[in-house]
Structures are given as structure tokens and as C-alpha cells.
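# With the sequence up front, the predicted model follows.
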Amino acid sequence: MIPYKNQKLKDEKVFKDPIHSYAHVTDQVIWDLIKTREFQRLRRIRQLGTLYMAFHSAEHSRFNHSLGVYEIVRIMIRNFRKYEVWNDEDRVLALSAALLHDLGHGPFSHSFEKIFNTDHEYYTRKIILGDTEVNKVLRRVSDTFPEEVASVIDHTHPNKLIVSMISSQIDADRMDYLQRDAYFTGVEYGKFDIDRLLRVMIPTKDEILIKETGMHAVEDYLMSRYQMYWQVYFHPVSRGGEVLLTLIFRRAQELYKEGYRFLQEPKYLKPFFDEDVSVEDYLILDEMVVNFYLQEWMYEKDEVLSELADRFVNRELFKYIPFDGSYITMSELNMLFTEAGIDPKYNLFSDSYSDMPYDYDRPGSKDTRRPIHLLKSNGEVREISSQSIIINSITGIHRFDSKLYFPKEKVNNIENEKLKSRILDLLDELS
């Protein structure tokens, strides 16, 4: 009898995909993982959280992305088979980890993590190792297989090559989400020659090397990543949606702990408010559930929660302006808003963010990321920024930005004309 790990489907399954044309499934274990309730839940989690508020077509899901990462790893494996270092016994491990790497994402993804201090990698591991359908499928391979898959995803597996295929500075995860997110947001920034990149990858025991002839493809990839973060992922309108979500859940949790009687009991949010979340609690919560509560909260008696929920649902976002705290501090702004009768706790929010497009661990570096290495024609292995002027120019460069969010109409409606004029002048100076 053929071991479950090696069982093939009678007929290949294919998923039509706008990025890779098709995602091909031939292994029984992969097909069974896709059919689990935990993986199907990813259909109900948007890939880009609140970014649909800025880019109306950014409605794709974690399910789409996870299949895409799986497909890229499948192509990597196909290309790596001609190298002695690749052991095809690891194929199902790499494919399973690629497919399941985002299994623990919650509704609105990274926005939700910041609000409730959760970590998707932690819950990915808990789902894989817990009493779940995914775990049961993986255990059919072997009793230790769930732990192996989880260790690849949390970067502790001894096979560093497989870890780097899924999580590194040039991995299947990034290669899929940059192109997929560019496609669904309608921008040109995230596009790069992925076919070329995959062709110039050389597997080694510890990492993937890039042929010297592929250096310019890596330059294009890294610059695409840089542009996507600053033109798309950090878009201030999307961040404004996150601000409202943060304030909404801050208020809802505050009311819950005060014993407030909601018109619709937030049954599935209670574990998060109580900070006692089981895997089953976590899996129940998807964006359909959260959006239901947001709709319900529009009609709550509490005016703060009602207003914030209405703003989010109907995209009445706060105004945003540049803010770094050098001209006036947040504490000073809080005092002015309070004096004007506007509660700064729910009407004033400073949002900061930063990114480093490329860096690597070296003496004196604050970064711990592994470098991208080029394999030169003479057999030498060199860190890529030492060979590329373009990549050298962005290596170790940390770019920061920050915005101040507030309801402009409330400032305009301040009754004290002198105070209103003072606040408006300050805000105009900041903008």
C-alpha cells in the first residue's frame, strides 16, 4: 500500500489563478488540507485588511494568497530537483508549510493583531498542533509531521533551505503577495519578473543563492517591494480604516468591562475582550462575524461606539495630516481637544509606521535578517548589496512616516470661536 505521504490524486486538481495562471495539486495530502474547515476559513479573511477602503478592488483573500505561495514553492521544487542538495523526501513538507503558512491570520489581518495583541504565527502553530482537521490530515503522514510543518513556519526546522523558501528576504510568500496585491489594487509597483527570479535560484544546504546573471531581477523585486509598501500598504486611507477599527474595539471592550448591555451580545468577541482566547474561539472569528458586529454597533445607545461603527461601515474616515510631534506634542493636542469638548481618546490618533526594504545581519547592524547571496560565475558567493549599486543604496535605510487622524467636522463645530481658530491654525501648520 502506498504511504499517505506519497499518495497521488487520480486526476490533477487545478485552481485558476490570475497571477500564476493555475495552481496545480497532485498530492492527496495537499488536497485534503485545502478541504479542511481551517483552511476554508481563509476565504473569509481579506489579504489586505482595510486596504479596500483605498483600493476598491483589493478584496482578495488569504485563501488566494496561500494557494499562490504553495504554487511558487511547487515550481521551486520542480526546478531544484536537478540539484543534488534537494531531497525530494522533503517535498510534501515544503508544500504543506507553504500552503498553511498564513493559517492563523485573523479578521482584518495585521490590524486585528495590533488591536488584540494576537500573533498570527502563534495561532498558525496552535491550529496545526491542536485538535483540528488540519492536524488530523497532517498526522496521517506521521505523528511528528504536524510539528515538522509548524517548525518550518516558525523558522526553527533544521532544514534551513525549506525555511528560506517560505520565509526569507526573497521567498515564495513575498513573491506572491507583491504580485497578487499589485494585481488586485490595480497598481504597477509590485510587478517584477518572477519567472526570471525562479530560474536563477540555486538551492544550497542552508539557503537559496541567486545566479549572478539574475542580480537585476532581484533589484527589480526589491524596488517593487519598496514601492508597494510606501504607495500601497502604508496608504493613509487604509491606515485611517485601521485607526477606526482600533477605536471601535477599544470602546467596545471598555463598555464590555463596564458591564454595558449591548443590543446584540458580542458572543464571539468576548474571549478577545477577556483576553482568554482558545483555538476554537479564534477560528470562529472571521470578517463575516466582525462585520456583523460592526453593523450592529451602528445602532447602539452608546454614542461613541455608534458613531465610530457608522464611520467605518460607511467609510466616513477621519481627516489625516502629517505629524511627528516636533511642532506640538500629542499631550498638548489632547489638552486642546479636551478644552474644546472633544474627547481625544476617541477623536485623536497618532499613527506611525516604518519599513526597511533590505538589510542583513553584520557587525554593528541592528537587523537580524539573513542576506541575499549572489553566486558569481567564478564560484564565489557574495552578499548582493556589495555587487549592486541600486541595492546598496537602500540597504539598512529605515524610512519612517506618521500621520495625525481626527474628525475635521467636529473641530469646525467647536462653539468657542477663539479656541476653534487656535486649533485650526495649529492643524493647518501641521498640514
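Cool, the structure landed.

# okay, CA-based contacts and neighbour counts for the rest of this
Will do.

# which residue packs closest to the residue sitting nearest the centre point of the chain, ignoring adjacent ones?
Compute the mean C-alpha point of the chain, and by Cα atoms, centre = their mean the closest residue is residue 110, 5.5 Å away. Excluding its sequence neighbours, the residue lying closest to residue 110 (Cα to Cα, 6 or more residues apart in numbering) is residue 49, at 7.3 Å.

# okay, and for this structure, where does confidence drop off?
362-368 (pLDDT under 70).

# What ranges does it have for its strands?
Counting by DSSP state E, one finds strands in the chain at the ranges 8-17, 21-27, 201-203, 208-211, 319-322, 349-355, 373-375, 381-383, 399-406.

# Adding distance to residue 221 and mean neighbour count, write those strands out as a markdown table.
Converted to a markdown table, the strands of the chain look like this (distance: least, Cα to Cα, whole Å; neighbours: other Cα atoms under 10 Å):
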| stretch | distance to residue 221 | mean neighbour count |
| --- | --- | --- |
| strand 8-17 | 21 | 12 |
| strand 21-27 | 20 | 17 |
| strand 201-203 | 14 | 20 |
| strand 208-211 | 13 | 22 |
| strand 319-322 | 29 | 18 |
| strand 349-355 | 16 | 16 |
| strand 373-375 | 14 | 23 |
| strand 381-383 | 16 | 16 |
| strand 399-406 | 18 | 18 |
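
# coming back round to it: ok, the residue nearest to residue 110 - how many residues close by?
By the criterion of other Cα atoms under 10 Å, residue 49 has 25 neighbours.

# how close does the residue lying closest to residue 169 once chain neighbours are set aside sit to residue 70?
Excluding its sequence neighbours, the residue lying closest to residue 169 (Cα to Cα, 6+ apart) is residue 372, at 6.8 Å. Distance, residue 372 to residue 70, by Cα to Cα, to the nearest Å: 22 Å.

# Could you do residue 396 as well?
From residue 396 to residue 70 the distance is 30 Å (Cα to Cα).

# One more: residue 112?
Using Cα to Cα, residue 112 is found at 25 Å from residue 70.

# What of residue 337?
Here the criterion is Cα to Cα. By it, residue 337 lies 50 Å from residue 70.

# if I read this right, residue 196 contacts residue 217, doesn't it?
Yes - counting by Cα atoms under 8 Å, residue 217 is a contact partner of residue 196 at 6.8 Å.

# Counting neighbours, go ahead and name the busier of the two.
Counted by other Cα under 10 Å, residue 196 and residue 217 do not tie: residue 217 has more neighbours, with 19 against 14.

# residues contacting the more buried one?
By Cα atoms under 8 Å, 6 or more residues apart in numbering, the residues touching residue 217 are 192-193, 196-197.

# Quick check on the residues you listed: which are buried?
192, 197 (16 or more other Cα atoms under 10 Å).

# Tabulate the contacts of residue 217 in CSV, adding columns for distance to residue 308.
Formatted as CSV, the contacts of residue 217 follow (distance: Cα to Cα, whole Å):
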residue, distance to residue 308
192, 39
193, 43
196, 47
197, 45
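
# with the contacts of residue 217 in mind, which one is nearest to residue 315?
Of all those, residue 315 sits closest to residue 192, with 32.5 Å by Cα to Cα.

# sorry, back to before: now for the strands of the chain, which one comes closest to residue 180?
The closest of the strands of the chain to residue 180 is strand 8-17. By Cα to Cα, the value is 9.8 Å.

# export the longest helix anywhere in the chain as CSV, just CAs?
In terms of residue count, the longest helix belonging to the chain (DSSP state H) is helix 236-257. Provided in CSV are the C-alpha atoms of helix 236-257 (Å, rounded to 0.1, in the frame of the first residue of the first chain):
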residue,chain,number,x,y,z
PRO,A,236,-3.1,56.8,4.7
VAL,A,237,-6.7,56.0,3.8
SER,A,238,-6.2,52.3,4.6
ARG,A,239,-4.4,53.3,7.8
GLY,A,240,-7.4,55.5,8.6
GLY,A,241,-9.6,52.4,8.4
GLU,A,242,-7.3,50.7,10.9
VAL,A,243,-7.5,53.7,13.2
LEU,A,244,-11.3,53.5,13.3
LEU,A,245,-11.1,49.7,13.9
THR,A,246,-8.7,50.3,16.8
LEU,A,247,-11.0,53.0,18.3
ILE,A,248,-14.1,50.9,17.8
PHE,A,249,-12.7,47.8,19.6
ARG,A,250,-11.2,50.0,22.3
ARG,A,251,-14.6,51.4,23.0
ALA,A,252,-16.4,48.1,22.8
GLN,A,253,-14.0,46.4,25.1
GLU,A,254,-14.3,49.3,27.6
LEU,A,255,-18.1,49.1,27.5
TYR,A,256,-18.0,45.3,27.9
LYS,A,257,-15.8,45.5,31.0
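
# same for it, what does it pack against?
Contacting helix 236-257 under the criterion 3 or more Cα pairs under 8 Å, 6 or more residues apart in numbering; DSSP states H and E are the following elements: helix 109-116, helix 270-273, helix 303-313, strand 349-355, strand 399-406.

# Run the angle between it and helix 303-313 for me.
Helix 236-257 runs at 150 degrees relative to helix 303-313, counting by axes from the mean of the first three to the mean of the last three Cα atoms, to 10 degrees.

# what does helix 236-257 contact?
Residues contacting helix 236-257 (Cα under 8 Å, 6+ apart): 50-54, 111, 115, 273, 304-305, 308-309, 311-312, 315, 317-318, 320, 346, 349, 351, 403, 405.

# List only buried entries from those residues.
Buried members of these, scored by 16+ other Cα under 10 Å, are 50-54, 111, 115, 273, 304-305, 308-309, 311-312, 317-318, 320, 346, 349, 351, 403, 405.

# From residue 372, how far off is the closest residue to residue 160 other than its chain neighbours?
Counting by Cα to Cα, 6+ apart, residue 206 is the residue found nearest to residue 160 once chain neighbours are left out, at 4.8 Å. Residue 206 sits 12 Å away from residue 372, going by Cα to Cα.

# Now do the helices in the stretch 51-200 of the chain.
62-80, 91-100, 109-116, 120-129, 133-141, 145-153, 160-166, 172-185, 194-199 (DSSP state H, counting those that start in this stretch).

# can you list those in a markdown table and add distance to residue 234?
Shown next, in a markdown table, are the helices of the stretch 51-200 of the chain (distance: least, Cα to Cα, whole Å):
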| stretch | distance to residue 234 |
| --- | --- |
| helix 62-80 | 19 |
| helix 91-100 | 26 |
| helix 109-116 | 12 |
| helix 120-129 | 20 |
| helix 133-141 | 33 |
| helix 145-153 | 25 |
| helix 160-166 | 24 |
| helix 172-185 | 13 |
| helix 194-199 | 24 |
